[in-house]
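**Student:** Next one to model:
(one chain, ligands or ions: 1)
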Amino acid sequence: MLYFFLIGLSLFFGLLIATLLVVFAIRFRRRPGDGIPQPIHGSTPLELVWTIIPFTLGMGIFLWGAWLFFAMSRPPDNAHEVFVVGKQWMWKLQHLEGRREIDELHVPIGQAVKLTMTSEDVIHSFYVPAFRMKADVVPGRYTTAWFQATKVGEYHLFCAEYCGTSHSGMIGRIVVMEPADYQAWLSQTAPGAAGARGPGAAQPASVSPAAAGEALFNQMGCITCHQAQAGALGPSLIGIYGKPVKLQDGSEVVVDDAYLRESILHPTAKIVAGFQPVMPTFQGQLDEEQVLQLIQYIKSLQPPGTGGAAGVAAAPAGAAEPAS
Ligand code: CUA
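**Tutor:** Down below sits the predicted model:
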């Protein structure tokens, strides 16, 4: 609609100006015997008109565009979450419920899907032309994108950033399914396509990222310092996600994916007030999928009574996958 509005506006003014040009050229042409007319030196009403009208139009387009931009970049709260890790040369995807896929993404129709994406090596770009969606997948940071499929079917997935020898082979498909078919697919325990290759095959499909993250949390020894009781070496992580936290230098940050990722890989970058910079880095010991799993686990840690960690408590222990 905005696009058509812009075209309509351009057409309207283009035609108006062209028409007036011709009309005025004829109407005000110089006739024999005409003298030189008096030049006009300023007209406040005219100045006001040609300032206010373009200003209103320009601001209207800006506000409309800004509103669309926010709608485009902010996934709805009820969006289905999928984690994407790009690596030379494949797409590794994991649903919040645990189901893993490689070079394939199954989604239900009519449901917003939020992608949290990062790369294991170089810049890739997640590109689904049919959804008019393309977003860079960058090592060292998270980018998010979302879409809502409106038609059942299979759609091309491309890597749209040259990433080395097999860049052109870094392709896949998005499978849009009816909700019932999707539920059936999601509950299958022996994935054929998803488990066919890659380290994902080693992990049962039912293990959610949060449960895998909990196992890692124990296995990597995070739990030694990050305890809820007083005197612990590290801050408690219960209920911190999405909340502001005070840092040593007096500033405040909101605990989000990027902050948690930084704190795991570069622990001294931001020190929580009241704690010492004693945490070792986990750079090189965790791959991007494992960092995402740890973040999902921390996200699931809610104070008792809010019910956030219920799914985690019931998850099987020792579910960590081998490093890839
Ligand atoms: Cu990945 Cu091109």
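**Student:** can you list the residues of this structure near the ligand?
**Tutor:** Residues of the chain lying close to the ligand by C-beta under 6 Å from any ligand atom are 86, 89, 124, 159, 161, 162, 163, 167, 170. All C-beta spots, glycine's among them, are computed from the backbone N, C-alpha and C.
**Student:** same thing but 5 Å
**Tutor:** Contacts of the chain with the ligand, taken as C-beta under 5 Å from any ligand atom, map to 124, 159, 163, 167, 170.
**Student:** Give me the phi and psi angles of the last one.
**Tutor:** With angles defined as degrees, to the nearest 10, residue 170 sits at phi -90, psi 70.
**Student:** My guess is it contacts residue 90. True?
**Tutor:** Yes. At 6.6 Å, residue 170 counts as touching residue 90 under the criterion of C-beta atoms under 8 Å.
**Student:** Identify the residue nearest residue 129 in space, chain neighbours excluded?
**Tutor:** Of all residues beyond its chain neighbours, the one nearest residue 129 is residue 156 (6.4 Å), with distances taken as C-beta to C-beta, 6 or more residues apart in numbering.
**Student:** residues contacting the one you found?
**Tutor:** The neighbours of residue 156, taking C-beta atoms under 8 Å, 6 or more residues apart in numbering as the test, are 128, 129, 130, 171, 173, 174.
**Student:** Pick out the most distant pair among these.
**Tutor:** Comparing all pairs in the contacts of residue 156 by C-beta to C-beta, the longest separation belongs to 130 and 171, at 13.5 Å.
**Student:** picking up where we left off before, go through the contacts of residue 156 and name the one nearest the ligand.
**Tutor:** residue 171 (9.3 Å; C-beta to the nearest ligand atom).
**Student:** Compute the number of surrounding residues for the closest one.
**Tutor:** One way to gauge burial is a neighbour count; for residue 171, by other C-beta atoms under 10 Å, it gives 16.
**Student:** if you skip the residues just before and after it, what's nearest to it?
**Tutor:** Residue nearest to residue 171 in three dimensions, not counting chain neighbours: residue 158, with 5.5 Å by C-beta to C-beta, 6+ apart.
**Student:** Ok, residue 103 next?
**Tutor:** Computed as C-beta to C-beta, 6+ apart, the closest residue to residue 103 that is not its neighbour in sequence is residue 172, at 3.4 Å.
**Student:** can you give me the helices for this structure?
**Tutor:** With DSSP state H applied, the chain shows helices at 2-27, 44-73, 179-187, 192-195, 209-219, 222-225, 257-265, 288-300, 310-313, listed in chain order.
**Student:** any idea which of the ones you listed is most buried?
**Tutor:** A comparison of the helices of the chain by mean neighbour count, using mean count of other C-beta atoms under 10 Å, puts helix 288-300 on top with a mean of 24.
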